[in-house]
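S.K.: With the sequence up front, the predicted model follows.
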Amino acid sequence: MPPTPPTNHHADVTPGTATLHRSRTVRVLLWIAGSVSLALGLIGVVLPGLPTTPFILLAAACYAKASPKLHAWLLNHRWFGPMLRDWERDHSLTQRTKTIAVLSMLVMVGFSIWSFRGRLLVQLVLLLTGAIGAFVVLRIPTRRL
């Protein structure tokens with residue numbers, strides 16, 4: 001029987017092509033970890049210092065072993081799909097993606113630090129978490145177009 005065609009013409013992976021983990025318990029744990037990572041990635045869109053990209057990549061990796069349907073959904077997602085398909089193909093990000101990620105973190109962290117003026121400890125925590133987020137994104141290999 002031939003494989004099912006992808007539901008989106010951009011997808012390189014169809015449901016059922018990822019190798020599921022043999023253990024049901026491990027699959028459930030991977031599903032939970034993927035769901036938490038996806039939630040953190042979505043929160044990271046608006047929360048300063050919390051990087052979106054690594055969490056979305058982690059969610060896709062977890063779903064690849066736990067849930068082919070969720071993995072395919074992420075790969076076909078309007079916003080995350082192109083980045084994930086590129087990642088699965090090249091294991092890198094474009095300079096544009098990295099620049100947008102770091103600049104948006106810089107803007108949000110800067111605004112947050114300004115919002116918490118007079119609270120030095122909170123400002124330092126924001127600065128530290130923003131720096132960690134930028135470090136994580138910048139450590140991902142850069143792909144040339």
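M.R.: Alright, I've got the coordinates. Numbering: from 1, shown residues only.
S.K.: Quick one: find the helix or strand in this structure with the lowest mean pLDDT.
M.R.: Least confident helix or strand of the chain, by mean pLDDT, DSSP states H and E, is strand 93-94 with a mean of 84.
S.K.: can you list the residues that contact the helix or strand that that strand is followed by?
M.R.: Per DSSP states H and E, the first helix or strand lying C-terminal to strand 93-94 is helix 95-115. Identification of contacts with helix 95-115 by Cβ atoms under 8 Å, 6 or more residues apart in numbering yields 46-49, 51-53, 83, 123, 126-127, 129-130, 133-134, 137-138, 140, 142. C-beta here means a position set from N, CA and C on the backbone, and glycine is covered the same way.
S.K.: Separate out the buried members of those.
M.R.: 47-49, 51-53, 83, 123, 126-127, 129-130, 133-134, 137, 140 (16 or more other Cβ atoms under 10 Å).
S.K.: and residue 39, how many neighbours does it have?
M.R.: 12 (other Cβ atoms under 10 Å).
S.K.: helices or strands next to the helix or strand where it lies in the packing?
M.R.: Element membership for residue 39 (DSSP H and E) is helix 24-44. If you count contacts as 3 or more Cβ pairs under 8 Å, 6 or more residues apart in numbering; DSSP states H and E, helix 24-44 packs onto helix 52-66, helix 68-75.
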